[in-house]
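Undergrad: here is a sequence with its predicted model. Questions after.
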Amino acid sequence: MIFALVLLVVLIVSVLANLGQWASSFTPMKGSYVHARLGGPKLEEVILEDNDAANKIAVVDVAGIITSSATDQGGFTMVDLIKAQLKYAEEDRHVKAVILKVDSPGGEVLASDEIYHAIDDFQKGENGKHGKPVIASMGNLAASGGYYVSSPCQWIVANELTITGSIGVILHSWNYRGLMDKVGLVPEVYKSGKYKDMLSGTREPGEVTPEERQMVQKLIDETYGKFKSVVAEGREAARERNKDGQALADDWEDYADGRVLSGTDAFKLGFVDELGDFDSAVKRARKIAGISTANLIQYEQRRDLSDLFRLFGKNEAPVVKVDLGVEMPKLEAGRLYFLPPTFMH
């Protein structure tokens with residue numbers, strides 16, 4: 001009986017809280033009502049900077065390793081969350097521009113490419129609607145995949161000390177056959193084709209044929225070529241939209257060899273349009289959108305009773321984490337990544 005009463009109280013509080021959030025988030029003048037999509041992330045609008053304006057600029061974060069793995073208890077990925085935020089910004093007529101706030105060393109190739117396409121489609125617009133500009137604001141780190149997702153943006157702002165560039169692709173694998181031999185483990189492999197165990201860590205290094213190396217390198221080269229085309233097309237499209245900004249240097253491909261660049265060097269080579277901070281990106285967003293003032297908003301995940309029930313259902317041991325000052329990626333063997341070499345160790 002006590003448990004039932006407590007559960008009833010929690011249910012009533014949750015319903016009242018949700019109704020309160022719905023009522024407080026709907027303001028007809030500013031159009032700040034945000035609804036939860038069926039089957040998608042539940043988001044609500046949060047005001048980061050209130051300038052008492054009807055117009056809005058939405059801030060979308062790309063922070064940490066870009067991954068297709070679930071990043072929250074709801075099972076949504078970073079790609080899901082970014083797509084949902086862009087959809088909300090697209091449907092809100094008061095949102096005039098988006099600032100993509102990037103602080104990432106990169107990550108998975110496919111996840112980076114999905115975010116790239118989401119940003120590109122958002123700017124082009126759909127169903128006959130005119131798209132809205134996206135301005136990239138690079139923080140400490142916007143390298144490899146972090147630059148990949150920034151490249152379609154209409155304008156890119158980087159700090160002089162931002163670490164960016166690292167245009168390239170890497171595939172990481174381990175060969176642990178020597179360790180297996182030491183402990184007496186012998187692999188038994190049954191396969192349908194001679195290349196089915198390609199990249200397997202149980203094979204002798206001498207068993208890797210030149211044909212296999214050539215196939216893997218071809219895959220790397222194709223992905224690398226896509227990366228360079230994304231950079232070239234994104235920067236050219238930005239020039240056409242803006243009628244100004246930095247053009248890519250004639251020899252920019254010589255610097256697209258995996259090396260990292262400072263914001264200053266990236267500006268000289270045309271990889272970014274402007275040197276500045278987040279405030280510079282806000283000013284640029286207002287200028288491109290043709291507005292004098294705007295509220296800065298962000299879309300955050302909203303928790304409700306269903307999330308509470310998921311917490312009750314969890315039965316996991318506590319995990320102790322050590323903060324080393326940098327988020328190290330959990331790399332999977334055989335998967336392509338846009339990452340600087342430093343993060344592969």
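TA: That came through, no problem. Residues are numbered from 1 along each chain as shown.

Undergrad: from now on I want contacts and neighbour counts done on CA atoms only, so please keep to that.
TA: Will do.

Undergrad: tell me where the model's unsure across the protein.
TA: Where the chain drops to pLDDT under 70, the residues are 13-39, 71-74, 127-129, 303-345.

Undergrad: quick one, strands of it?
TA: Assigned by DSSP state E, the chain shows strands spanning 43-49, 56-63, 95-104, 107-108, 134-143, 155-158, 163-165, 170-171, 260-262, 274-275, 295-301, 336-338.

Undergrad: so how far is the first one off the chain centroid?
TA: Put plainly, it is strand 43-49. 19 Å (CA atoms, centre = their mean, to the nearest Å).

Undergrad: so what secondary structure elements neighbour it?
TA: In terms of contacts (3 or more CA pairs under 8 Å, 6 or more residues apart in numbering; DSSP states H and E), strand 43-49 is packed against strand 295-301.

Undergrad: strand partners (parallel or antiparallel) of the strand it packs on?
TA: Strand 295-301 pairs in its sheet with strand 43-49 (antiparallel), strand 56-63 (parallel), by DSSP bridges.

Undergrad: nearest residue to the spatially most central residue of the chain other than its sequence neighbours?
TA: Nearest residue to the geometric centre of the chain (CA atoms, centre = their mean): residue 62, 4.4 Å. Nearest residue to residue 62 in three dimensions, chain neighbours excluded: residue 102, at 4.8 Å (CA to CA, 6 or more residues apart in numbering).

Undergrad: OK, contacts around that neighbour?
TA: 61-63, 136-139, 141-142, 146, 150 (CA atoms under 8 Å, 6 or more residues apart in numbering).

Undergrad: of those, closest to residue 156?
TA: Closest approach to residue 156 among the contacts of residue 102 (CA to CA): residue 136, at 4.6 Å.

Undergrad: which ones are touching the closest one?
TA: 99-102, 150, 153-157, 281.

Undergrad: and what of residue 97?
TA: Applying CA under 8 Å, 6+ apart, the residues near residue 97 are 56-58, 132-135, 285-286, 289.

Undergrad: switch those over to a markdown table; also include distance to residue 81.
TA: Formatted as a markdown table, the contacts of residue 97 follow (distance: CA to CA, whole Å):
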| residue | distance to residue 81 |
| --- | --- |
| 56 | 19 |
| 57 | 17 |
| 58 | 14 |
| 132 | 18 |
| 133 | 19 |
| 134 | 16 |
| 135 | 18 |
| 285 | 22 |
| 286 | 24 |
| 289 | 24 |
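
Undergrad: now, the most widely separated pair of those?
TA: So, those by CA to CA: farthest apart are 56 and 135, at 13.8 Å.

Undergrad: which of these two has more residues huddled nearby?
TA: residue 56 (29 against 24; other CA atoms under 10 Å).

Undergrad: quick one: contacts for the more buried one?
TA: 94-97, 294-297.

Undergrad: closest to residue 210 out of those residues?
TA: residue 97 (50.3 Å).

Undergrad: tell me what the closest one is bridged to.
TA: Where residue 97 sits in a bridge, its partners, by DSSP bridges, are residue 57.

Undergrad: report the separation between it and residue 172.
TA: Residue 97 sits at a distance of 38 Å from residue 172 (criterion: CA to CA, to the nearest Å).

Undergrad: need the phi and psi values for residue 199.
TA: phi 70, psi 10 (degrees, to the nearest 10).

Undergrad: one more: the one 5 residues further on?
TA: In terms of degrees, to the nearest 10, the main-chain angles of residue 204 are phi -70, psi 140.

Undergrad: that one contacts residue 177, correct?
TA: Yes - taking CA atoms under 8 Å as the definition, residue 204 is a contact partner of residue 177 at 6.1 Å.

Undergrad: quick check on those two: which one has the bigger neighbour count.
TA: Of the pair residue 204 and residue 177, residue 177 is the one with more neighbours under other CA under 10 Å, namely 17 against 12.

Undergrad: what is the burial count for the residue lying closest to that one once chain neighbours are set aside?
TA: In space, and not counting its chain neighbours, residue 177 is closest to residue 202: 4.8 Å by CA to CA, 6+ apart. By the measure other CA under 10 Å, the count of residues near residue 202 is 20.

Undergrad: please apply the same query to residue 214.
TA: 11.

Undergrad: that one and residue 198, how far apart?
TA: 12 Å.

Undergrad: next one: residue 46
TA: Relative to residue 198, and taking CA to CA, residue 46 is found at 49 Å.

Undergrad: okay, those two: which has more neighbours?
TA: residue 198 (17 against 14).

Undergrad: my guess is the more buried one contacts residue 212. True?
TA: Yes - using CA under 8 Å, residue 198 is in contact with residue 212, at 7.0 Å.

Undergrad: in the chain, where's the longest helix?
TA: helix 210-242 (DSSP state H).

Undergrad: centre of the chain to it, how far?
TA: 18 Å.

Undergrad: pull out the buried residues from that helix.
TA: Neighbour counts over helix 210-242 (16 or more other CA atoms under 10 Å) mark 220, 223-224, 227-228, 230-232, 234-239 as buried.
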